[in-house]
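>>> model this:
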Amino acid sequence: MPGGRLTQQERQQIALGLADGLAYAEIARRLDRPTSTITREVMRNGGPTAYRADLAHRATERRAHRRRQAAPRGKESPPQAHGRDAEAVSEYEETFTTAMMQSGLPKMMSRVMAALSITDTGSLTASELAQRLDVSPASVSKAIAFLENQGMVRRERDERRRERYVMDDDIMYQSMLASARAMDQIVRTTRQGAGILGPHTPAGARLENIARFLDFVSESTVRAADQAREILHAKATTPTDGAADQGPERD
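Model prediction:
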């Protein structure tokens, strides 16, 4: 399987494949590339409906040029904590961003989530995020405001009184509760509409059915989140650890 960056010819094949309605996996098979490579390439360059091979190729060249300018000549990249492979970490950050975008999160919010997720501390300041993502502080502020409203990050002050943005283990639990609260608001609104339109009319009945469905989903979400919360605080086991706890030995 070929490695390295995508060529301009490969990007043209991706654009043709998208125009023909091919799935990412099929495009990847034809190019003998990983599906994740194709997915990431498309999502970071406009998505399946706006992808253009020439623009994507120029954007990639610009990013590579900025990285070369930012890297001091004659010096290697600073070592990663815990002996991690810097290139692999960077590649994974892009993969994480793509996954978040595919889930419906806007691009900048996805990039911020990815950056916070792969830090050992789970927190970064506005300036650290702006520098890491090579974006303006205003872009960071807008993304944080969105994520905070969704319950996906929180703010705190460090010992230097700087505002830090945090994504800790409990954030996913809080995010699920925020989602449930948002659904509750929709339930109330649709039920109000059912009353105004008439519960026995087609439109009113439709809104009432939506309300009943979302009410059930909201209650189930909260119940499942409460039951699963302990998973967030449980110590993860490695395959080696798990092998030691497989139960009684067989005779």
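>>> Tell me the confidence at residue 189?
You'll see residue 189 listed with a pLDDT of 96.
>>> if I look at it, how far off is residue 217?
Distance, residue 189 to residue 217, using Cβ to Cβ, to the nearest Å: 15 Å. Where C-beta positions appear, they are placed from N, C-alpha and C, glycine not excepted.
>>> got it, and residue 105?
With Cβ to Cβ as the criterion, residue 105 and residue 217 are 20 Å apart.
>>> Comparing the two, which residue is more hemmed in?
Per other Cβ atoms under 10 Å, whichever of residue 105 and residue 217 has more neighbours is residue 105, with 20 against 14.
>>> how about the more buried one, what does it touch?
Contacts for residue 105 (Cβ atoms under 8 Å, 6 or more residues apart in numbering) come out as residue 113.
>>> got a list of what residue 110 touches?
Residue 110 is in contact with 96, 97, 98, 100, 101, counting by Cβ under 8 Å, 6+ apart.
>>> Quick one: the strands in this protein, in order.
123-125, 154-157, 163-166 (DSSP state E).
>>> Please tabulate these in TSV, including the columns mean pLDDT and distance to residue 45.
Formatted as TSV, the strands of the chain follow (pLDDT from 0 to 100; distance: least, Cβ to Cβ, whole Å):
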stretch	mean pLDDT	distance to residue 45
strand 123-125	91	25
strand 154-157	87	32
strand 163-166	90	27
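>>> Let me have those strands in a markdown table, adding distance to residue 86 and mean neighbour count as columns.
Shown next, in a markdown table, are the strands of the chain (distance: least, Cβ to Cβ, whole Å; neighbours: other Cβ atoms under 10 Å):
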| stretch | distance to residue 86 | mean neighbour count |
| --- | --- | --- |
| strand 123-125 | 18 | 18 |
| strand 154-157 | 28 | 12 |
| strand 163-166 | 23 | 17 |
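>>> Nearest to residue 59, out of those?
strand 123-125 (24.7 Å; Cβ to Cβ).
>>> what about that closest one, distance to the chain center?
Centre-to-centre, strand 123-125 and its host chain are 17 Å apart (Cα atoms, centre = their mean, to the nearest Å).
>>> rewinding a little: so which of the contacts of residue 110 are in helices?
In this view, the contacts of residue 110 that belong to helices under DSSP state H are 96, 97, 98, 100, 101.
>>> Export those as JSON lines, with columns for pLDDT and neighbour count.
Shown next, in JSON lines, are these (pLDDT from 0 to 100; neighbours: other Cβ atoms under 10 Å):
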{"residue": "96", "pLDDT": "85", "neighbour count": "18"}
{"residue": "97", "pLDDT": "85", "neighbour count": "25"}
{"residue": "98", "pLDDT": "80", "neighbour count": "20"}
{"residue": "100", "pLDDT": "83", "neighbour count": "21"}
{"residue": "101", "pLDDT": "82", "neighbour count": "21"}
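>>> Okay then, goodbye and thanks.
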